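Peer 1: Structural data only, the sequence is not supplied:
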């Protein structure tokens, strides 16, 4: 009880600014956890209540830190360790759920990009996604709705290796069919662009080269400490180009010198930026700089994840656990002074994937970025 009461009080004080941004009525939203704390009978119960509490902060970075005295407690939410994906990812376009990417088991089962997904596991596709979002929200904080939706369309498709995912899909010609896809080792972690340009080179986790139209292209998968130096090498090898596409899709963040990165582009030519809700943390501050500070057009199927913040640790009286939580937004000047946390970096143009483009191996967002460069 002391731990839960202290956690509620301290989170209410230290996270107040972000709770207000997210419209969370704290502590009203966690009163049921106080009741559960009175009935807790084990260390596992103790841990589960704290996990549920941090999830209600709606903070993508928040977590319960387990100290040595509490080792052995088990993660109470949906098991992701050892899970496998079905070889497909989803997206939303014009209110429909589409297959965004398909490979391995899904491709062998006849699933292909651009198909509309009508039913997942016996439920309308949109309903299944909403239920998946709710299930994971109980245990994991999502800073925004778009982050939760993106999670469901990627990680949310994972499950026990060998299990099957039942779908009903409709192809572009209107034909419907039922398929079962076995989860057989495919990753359920998104890696960014649906159809990247051909013949890209790699540097760390980044990929770079030129598009078919002759523009420079860099997919930034993360933001390591040496990102400015990586950028020097990639730009040098790309050479003179009429424009440059910086693709941040699925960028998981990191830490780097922001001024050092932006300085590489003070005198460069036209730049267009692509984002999605898989862009998190430092990936949001990096991509946002080009929009907010350089005026580069930003294309995205949605805002970024909205989980970019300064954090603190709340120690609890028992000494068994502590809470790692966000207390204020990074880049508070973004979004006209509202910052990023709980909002995301907002594209100046929302572009959804076109089903015909997906069926033909064309990346709608990349195509629009190049149109903006022209």
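Peer 2: Received, thanks. The structure displayed is predicted, hence computed values, not measured ones.
Peer 1: The stretch 1-150 of the chain: strands as residue ranges?
Peer 2: Here the stretch 1-150 of the chain has its strands, by DSSP state E, counting those that start in this stretch, at 63-66, 83-84, 88-93, 96-102, 116-120, 123-124.
Peer 1: Could you point out which of those strands sits nearest residue 300?
Peer 2: Across the strands of the stretch 1-150 of the chain, residue 300 has its closest neighbour in strand 88-93 (11.9 Å, Cβ to Cβ). All C-beta spots, glycine's among them, are computed from the backbone N, C-alpha and C.
Peer 1: partners of the closest one in the sheet?
Peer 2: strand 96-102 (antiparallel) (DSSP bridges).
Peer 1: Just the buried residues of the partner strand, please?
Peer 2: Within strand 96-102, the residues that count as buried by 16 or more other Cβ atoms under 10 Å are 97, 98, 99, 100, 101, 102.
Peer 1: Using CSV, lay out those residues together with pLDDT and distance to residue 342.
Peer 2: Conversion of the buried residues of strand 96-102 to CSV gives the following (pLDDT from 0 to 100; distance: Cβ to Cβ, whole Å):
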residue, pLDDT, distance to residue 342
97, 98, 25
98, 98, 27
99, 98, 30
100, 98, 26
101, 98, 28
102, 98, 33
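Peer 1: returning to that earlier point: could you tell me the least trusted of the strands of the stretch 1-150 of the chain?
Peer 2: Sorting the strands of the stretch 1-150 of the chain by mean pLDDT places strand 83-84 lowest, at a mean of 92.
Peer 1: Centre of the chain to that strand, how far?
Peer 2: Centroid displacement of strand 83-84 relative to its chain, using Cα atoms, centre = their mean, to the nearest Å, is 18 Å.
Peer 1: just stretch 177-195 next, same as before
Peer 2: Remark: stretch 177-195 is offset 16 Å from the chain centroid, using Cα atoms, centre = their mean.
Peer 1: Likewise for stretch 265-278?
Peer 2: 19 Å.
Peer 1: swap in stretch 355-372?
Peer 2: 21 Å.
Peer 1: List the buried residues for that stretch?
Peer 2: Neighbour-count burial for stretch 355-372 flags 355, 357-359, 362-370, 372 (criterion: 16+ other Cβ under 10 Å).
Peer 1: Which ones among those residues map onto helices?
Peer 2: Within the buried residues of stretch 355-372, residues falling in helices by DSSP state H are 355, 357, 358, 359, 364, 365, 366, 367, 368, 369, 370, 372.
Peer 1: Check the second one and give its pLDDT.
Peer 2: Going back to what we said before, that points to residue 357. Model confidence at residue 357 (pLDDT) stands at 98.
Peer 1: Take the ones in helices among the buried residues of stretch 355-372 and lay them out in TSV including distance to residue 178.
Peer 2: Output for those, formatted as TSV (distance: Cβ to Cβ, whole Å):
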residue	distance to residue 178
355	20
357	25
358	21
359	20
364	28
365	30
366	32
367	32
368	34
369	36
370	38
372	40
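Peer 1: on that earlier part again, and the strands of the stretch 1-150 of the chain: which comes nearest residue 319?
Peer 2: strand 63-66 (11.3 Å).
Peer 1: biggest strand in the chain by residues?
Peer 2: In terms of residue count, the longest strand belonging to the chain (DSSP state E) is strand 321-329.
Peer 1: Now the element after that strand, going C-ward?
Peer 2: helix 334-337 (DSSP states H and E).
Peer 1: And that next one, what's buried?
Peer 2: 334, 335.
Peer 1: Not counting its own residues, what contacts whichever helix or strand comes after it?
Peer 2: Sequence order places strand 349-350 as the next helix or strand after helix 334-337, per DSSP H and E. With Cβ atoms under 8 Å, 6 or more residues apart in numbering as the test, strand 349-350 has contacts from 297, 298, 299, 300, 301, 302, 368, 372.
Peer 1: Nearest to residue 81 among those residues?
Peer 2: Distances from residue 81 to the contacts of strand 349-350, taken by Cβ to Cβ, are shortest for residue 302, at 27.9 Å.
Peer 1: still on that earlier bit, and the longest strand of the chain, average pLDDT?
Peer 2: The model assigns strand 321-329 a mean pLDDT of 97.
Peer 1: now swap in stretch 177-196 and tell me
Peer 2: 95.
Peer 1: List the buried residues of that stretch.
Peer 2: So for stretch 177-196, counting by 16+ other Cβ under 10 Å, buried means 179, 181-184, 186, 188, 190-196.
Peer 1: Tell me how this structure divides into domains.
Peer 2: Per the record, the chain has its domains at 1-76+309-337, 83-182, 201-307+344-373, by automatic domain parsing.
Peer 1: so how far is the first residue of the last one from its last?
Peer 2: Just to be clear, that refers to domain 201-307+344-373. End-to-end distance of domain 201-307+344-373: 22 Å, with Cα to Cα, to the nearest Å as the criterion.
Peer 1: so how far is that domain off the chain centroid?
Peer 2: On Cα atoms, centre = their mean, the centre of domain 201-307+344-373 falls 15 Å from the chain's centre.
Peer 1: ditto for stretch 49-65
Peer 2: For stretch 49-65, the distance to the chain centre is 17 Å (Cα atoms, centre = their mean).
Peer 1: Equivalent analysis for stretch 300-316, please.
Peer 2: Computed by Cα atoms, centre = their mean, the chain-centroid distance of stretch 300-316 equals 11 Å.
Peer 1: Quick check: end-to-end length of that stretch?
Peer 2: End-to-end for stretch 300-316, by Cα to Cα: 40 Å.
Peer 1: could I get the buried residues of stretch 355-372 as JSON lines with distance to residue 3?
Peer 2: What follows is the buried residues of stretch 355-372, written out as JSON lines (distance: Cβ to Cβ, whole Å):
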{"residue": "355", "distance to residue 3": "50"}
{"residue": "357", "distance to residue 3": "52"}
{"residue": "358", "distance to residue 3": "49"}
{"residue": "359", "distance to residue 3": "53"}
{"residue": "362", "distance to residue 3": "53"}
{"residue": "363", "distance to residue 3": "48"}
{"residue": "364", "distance to residue 3": "49"}
{"residue": "365", "distance to residue 3": "45"}
{"residue": "366", "distance to residue 3": "49"}
{"residue": "367", "distance to residue 3": "53"}
{"residue": "368", "distance to residue 3": "50"}
{"residue": "369", "distance to residue 3": "49"}
{"residue": "370", "distance to residue 3": "54"}
{"residue": "372", "distance to residue 3": "51"}
